[in-house]
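**Q** got a predicted structure here, sequence first:
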Amino acid sequence: MKTTRPDLGLTRRAFVKTAAVAAATLGAIPRVFAAGSDRIRVGLVGCGNRGTGAAMNAVVASPGVEIVALGDVFPDRVASCLARLRDPSGQKDWSSSAPWTHTEAVKVTPETCFTGLDAYRGVLASDVDLVILATPPAFRPLHLRAAVEAGKHVFIEKPVAVDPVGIRSIIASGELAKIKGLAIVAGTQRRHQPRYVELMQRIHAGAIGDITGGECFWLGPCVRKWGYWQPRQPTWSDLEWQIRNWYFFTWLSGDHIVEQHVHNLDVLNWAIGAPPVDCIGMGGRQWRTQPEYGNIWDHFAIRYRYAGGATVQSMSRQTNGGYESVTEAIQGRLGRAIPGRIEGPNAWRFEGDDGSAFEHEHTHLVRSIRAGQPLNEARQVAESTLTAIMGRMSAYTGKIVQWDFALNRSTLDLTPPTPLQFGPLDVAPVAIPGETPLI
């Protein structure tokens, strides 16, 4: 396993250019694939549970896909990912449609395992055709830009950034990918789920009339229940502790409204056909107040207003013992739509096979690459991520946040002010509405 040279100057400010990337970076040209026949070599950056599951999804979803390189900040993550991928017992991932039985597709060697803050560089240099980016969200703008500049197709998990500066970087990388003929598919899997796809086709054809509003919820338990927390060890620096517990630090996850609720907000943007024009929100931190939970909140309520007058009520919460709901509803003048169903004069219910949306997104990605018609979802996932970010910005500050401000003028960059290296790193104070500035 290779430990790449520590990138002591690693800050996103050093890499993010919000204007379009210069044509001089076009260098690497993606391979041309014979329709359905050529092998696609995949590298994984971020070897946690979601990254490992995404690698499995990619192999299961399309023939001829091989996992050839792994990269993560921590050696134990790479080792555990590789052990799981090579496990012949058929361990099923929660996102998969069947037990894992494709160990023959794992072509990783010690020379193609990379660790350290710049492990992504080693993966990109490993003769891969496609990279899966599944690190904590803070790193995704940097990694996407590096992947596109290296001429790689990309599957990027959601959310794709944690602040407006990162969003502008994602959009610029997406534009560069179009020029270079590269695919970018995002982990907003509802966009590839049959019940949602057919629902949206009907909504956009007028089945519920003009959209007047909607609501979306992600009300569930603390993600610690799913293993997103590790007790701090005496040997861990501040940076290691925060990255290992990335979910609970706003600079790394964007807070749970961004990391998790982005799925539901993406559905509303998809239905309405555009992002909101402004929002006002509130929330707080009442249930998980201990320092071990970093500085994120545990509940948000946001009202989004869209052009044309539609309003959407958004609620996201992570507390144990409460009412749980993960869904969306779209209200139109002629009816109401919820996942897989329309109520009203044009009533409809989905009766097909949903399969695994986590596999469908990889099927569609690989199919587009082989057909020479690469999908590019960078802009849509950037807009949905920014919708969640501006909701957090409003709740944290107590201010109304305009879309134009968030997209074009906000200078908010949550990247720590010093180059990233394993050592001291203060935790930013918990946001207080009315005191936390809108930047």
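**A** Ah, there it is.
**Q** so which residue is dead centre in this structure?
**A** What sits nearest the mean C-alpha location of the chain, by CA atoms, centre = their mean, is Lys158, with 0.9 Å.
**Q** hang on, Arg336 is in a strand, isn't it?
**A** Yes: according to DSSP: H, G, I helix; E, B strand; the rest coil, Arg336 belongs to a strand.
**Q** and the closest residue to it other than its chain neighbours, how many neighbours?
**A** In this structure, Arg336 finds its nearest non-sequential neighbour in Glu343, 4.7 Å apart by CB to CB, 6 or more residues apart in numbering. Bear in mind the C-beta positions are built from the backbone N, C-alpha and C, glycine included. Counted by other CB atoms under 10 Å, the residues lying close to Glu343 total 14.
**Q** secondary structure class for Ala207?
**A** Under the three-state scheme (three-state DSSP), Ala207 adopts coil.
**Q** what about it, distance to Ile330?
**A** Going from Ala207 to Ile330 by CB to CB, to the nearest Å gives 10 Å.
**Q** so those two - more neighbours on which side?
**A** Ile330 (27 against 19).
**Q** which residues are contacting the host helix or strand of the more buried one?
**A** If you go by DSSP states H and E, Ile330 is part of strand 325-332. By CB atoms under 8 Å, 6 or more residues apart in numbering, the residues outside strand 325-332 that reach it are 203, 207-220, 264, 267-268, 271-272, 336-339, 344.
**Q** pLDDT on it, on average?
**A** In this model, strand 325-332 has a mean pLDDT of 97.
**Q** mind giving me the PyMOL select for the contacts of strand 325-332, buried ones only?
**A** Only the buried entries of the contacts of strand 325-332 go into this PyMOL selection, using 16 or more other CB atoms under 10 Å:
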select buried, resi 203+207+208+211+213+214+215+216+217+218+219+220+264+267+268+271+272+337+339+344
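**Q** in strands only, show me the contacts of strand 325-332.
**A** Per DSSP state E, strands hold the following members of these: 211-220, 336-338.
**Q** and the two most separated of those residues?
**A** With CB to CB as the measure, no two of these lie farther apart than Thr212 and Gly220, at 27.6 Å.
**Q** tell me the contacts of Arg202?
**A** The contact partners of Arg202, by CB under 8 Å, 6+ apart, come to 208, 337, 342, 346, 348.
**Q** Throw those into TSV and include pLDDT, thanks.
**A** Listed next are those as TSV, based on pLDDT from 0 to 100:
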residue	pLDDT
Ile208	98
Ala337	98
Ile342	98
Asn346	98
Trp348	98
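**Q** closest to Gly355 out of the residues you listed?
**A** Trp348 (19.6 Å).
**Q** low-confidence ranges, the chain, go.
**A** Counting by pLDDT under 70, the chain has low-confidence residues at 1-37, 225-227.
**Q** domain assignment for it?
**A** The chain breaks down by automatic domain parsing into domains covering 2-190+360-376, 207-351+385-409.
**Q** redo these as JSON lines? Include distance to Thr418.
**A** Formatted as JSON lines, these follow (distance: least, CB to CB, whole Å):
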{"stretch": "domain 2-190+360-376", "distance to Thr418": "8"}
{"stretch": "domain 207-351+385-409", "distance to Thr418": "10"}
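**Q** closest to Val197 out of those domains?
**A** Val197 lies closest, by CB to CB, to one member of those: domain 2-190+360-376, at 8.6 Å.
**Q** report how many residues lie close to Ala54.
**A** Neighbour tally, Ala54, other CB under 10 Å: 25.
**Q** so who does it touch?
**A** For Ala54, the contact set (CB under 8 Å, 6+ apart) comprises 44, 95, 132, 134, 155, 157, 187, 358, 362.
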